[in-house]
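J.: I'll drop the sequence and a predicted model, then ask my questions.
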Amino acid sequence: MDDIIVVGIAGGTGSGKTTITQTIREHFGNEVSVIYHDNYYKAHHDLSYEERSRLNYDHPNAFDTDLMVKDLTKLKNGEPIECPVYDYTIHDRSNTTMTIHPSSIIIVEGILIFYDKRIRDLCDIKLFVDADADVRILRRIKRDVKERGRSLDSVIDQYLTTVKPMHEAFVEPTKKFADIIIPEGGQNKVAMEMVINRLQAHLNR
């Protein structure tokens, strides 16, 4: 539908993507729908918790991007979707889904959403959130330990073995596809004002 605008928000773990998403949601309220790439992690019900905890969740193959492309296309066409729900505490997709209805502004958020050309082509505005690596790892530790029930050692081990190398191999190179690169994430007031003004102009058409 012509009255729907899709905003892609990419960037490394802990870069500030969610802060930007929340700022846009708070400003526009019900005009915004959000889908997270993380909810499209592939299901691994056949593996044990220990096996699932050792999987590489920062590689493009970890995601069911085909399903996300289908769902995002539906939303852009004005159709509701049943979005999968990922449970970080068990490293697996849950058995529930959540209904997401299309809105005037659809935000797609994830570390690797610009890796797949199909998602890039569905985005009308592509934002890449940039932050120093030391800031990102500290934010990730704080989030994963407090909110996702992880141990400090497991977060550090995962960061060094998969998160950091995958960021360098797959996430950082997608910066070139962005329309706007936002240093310091949601703390960048000038960039946020520009993005909000652009979205407000779309709603005012």
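T.: Thanks, I have the structure now.

J.: What distance do you get for the most centrally placed residue in the chain to Ile9?
T.: Centroid check for the chain by Cα atoms, centre = their mean gives Gly110 as the closest residue, at 2.0 Å. Gly110 sits 8 Å away from Ile9, going by Cβ to Cβ, to the nearest Å. C-beta here means a position set from N, CA and C on the backbone, and glycine is covered the same way.

J.: residues in contact with the residue nearest to Glu172 when sequence neighbours are not counted?
T.: Among residues not flanking Glu172 along the chain, Gly12 sits closest, at 7.2 Å (Cβ to Cβ, 6 or more residues apart in numbering). By Cβ atoms under 8 Å, 6 or more residues apart in numbering, the residues touching Gly12 are 111, 129, 131, 133, 136, 167, 171-172.

J.: roughly how far out does the helix or strand hosting Val85 sit from the chain middle?
T.: Val85 belongs to strand 81-87 when assigned by DSSP states H and E. Centroid separation for strand 81-87 versus its chain: 13 Å, with Cα atoms, centre = their mean, to the nearest Å.

J.: quick one: whatever helix or strand comes next after it to chain centroid distance?
T.: Per DSSP H and E, the first helix or strand lying C-terminal to strand 81-87 is strand 92-100. Here strand 92-100 is found 16 Å from its chain centre; the criterion is Cα atoms, centre = their mean.

J.: Likewise for stretch 108-128?
T.: How far stretch 108-128 lies from its chain's middle: 9 Å, per Cα atoms, centre = their mean.

J.: And stretch 160-179, by the same measure?
T.: 13 Å.

J.: Now that stretch: buried residues?
T.: 162-164, 166-167, 170-171, 174-175, 177-178 (16 or more other Cβ atoms under 10 Å).

J.: just checking, which of those belong to helices?
T.: Among the buried residues of stretch 160-179, the subset assigned to helices under DSSP state H consists of 164, 166.

J.: Dump the buried residues of stretch 160-179 to CSV, plus pLDDT and distance to Asn197.
T.: Listed next are those as CSV, based on pLDDT from 0 to 100; distance: Cβ to Cβ, whole Å:
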residue, pLDDT, distance to Asn197
Thr162, 82, 38
Val163, 82, 34
Lys164, 88, 35
Met166, 92, 34
His167, 88, 30
Phe170, 95, 31
Val171, 94, 27
Thr174, 97, 25
Lys175, 95, 23
Phe177, 98, 22
Ala178, 97, 18
